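Trainee: following is a predicted model, sequence given first.
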Amino acid sequence: MANLCGKREMDDKFIVRYTTDLSTVDRVNYPDELFKVLARFERLKAETEESRKLQQIEDARRIDEQYFANMSVRNLPGMAQESSRWQSLKRCGRKFFASMNRNSTSLPDSQ
């Protein structure tokens, strides 16, 4: 019937009947053991979380080291090539501009 009518407001609540008359109780449960278990659980949870964070930091550090090691290995020969290419481009540019200057002085003025 609950499915036909949809969820009612009280479906997620429960009712507890209690009494202050302890004569009907066989044994009183003390929550001391529960609090000890909860404290152990919280310590274990904190230790696990700390361990997980340290592992993530170590993984990130290892990934960074591998990345930069690969980059340095790849870029060392490439950097020399780029440097020599740059030097070649500069020489070619100087020659081009020098020839342009020579040609511009040898051309007669059209004015």
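Mentor: Nice, I can see it.
Trainee: so where's the longest helix in the chain?
Mentor: helix 32-106 (DSSP state H).
Trainee: which elements pack onto that one?
Mentor: For helix 32-106, there is no helix or strand it packs on, judged by 3 or more Cβ pairs under 8 Å, 6 or more residues apart in numbering; DSSP states H and E. C-betas here are computed from N, CA, C, even on glycine.
Trainee: now that helix: average pLDDT?
Mentor: Average pLDDT, helix 32-106: 80.
Trainee: gap between L44 and L38?
Mentor: 11 Å (Cβ to Cβ, to the nearest Å).
Trainee: could you do K95 as well?
Mentor: 82 Å.
Trainee: next: A69.
Mentor: For A69, the distance to L38 - Cβ to Cβ - is 46 Å.
Trainee: repeat for T19
Mentor: For T19, the distance to L38 - Cβ to Cβ - is 27 Å.
Trainee: for F14, same thing?
Mentor: In terms of Cβ to Cβ, F14 sits 22 Å off from L38.
Trainee: compare these two (neighbour count), which wins?
Mentor: Neighbour count, other Cβ atoms under 10 Å: between F14 and L38, L38 has more, with 11 against 6.
Trainee: so who does that one touch?
Mentor: Residues near L38 by Cβ atoms under 8 Å, 6 or more residues apart in numbering: none.
Trainee: please tell me how far it sits from D32.
Mentor: 11 Å.
Trainee: what is the neighbour count of K45?
Mentor: Applying other Cβ under 10 Å, I find that K45 has 10 neighbouring residues.
Trainee: hmm, I typed the wrong one, I wanted E47.
Mentor: For E47, using other Cβ under 10 Å, the count is 10.
Trainee: any idea how far it is from Q55?
Mentor: 12 Å.
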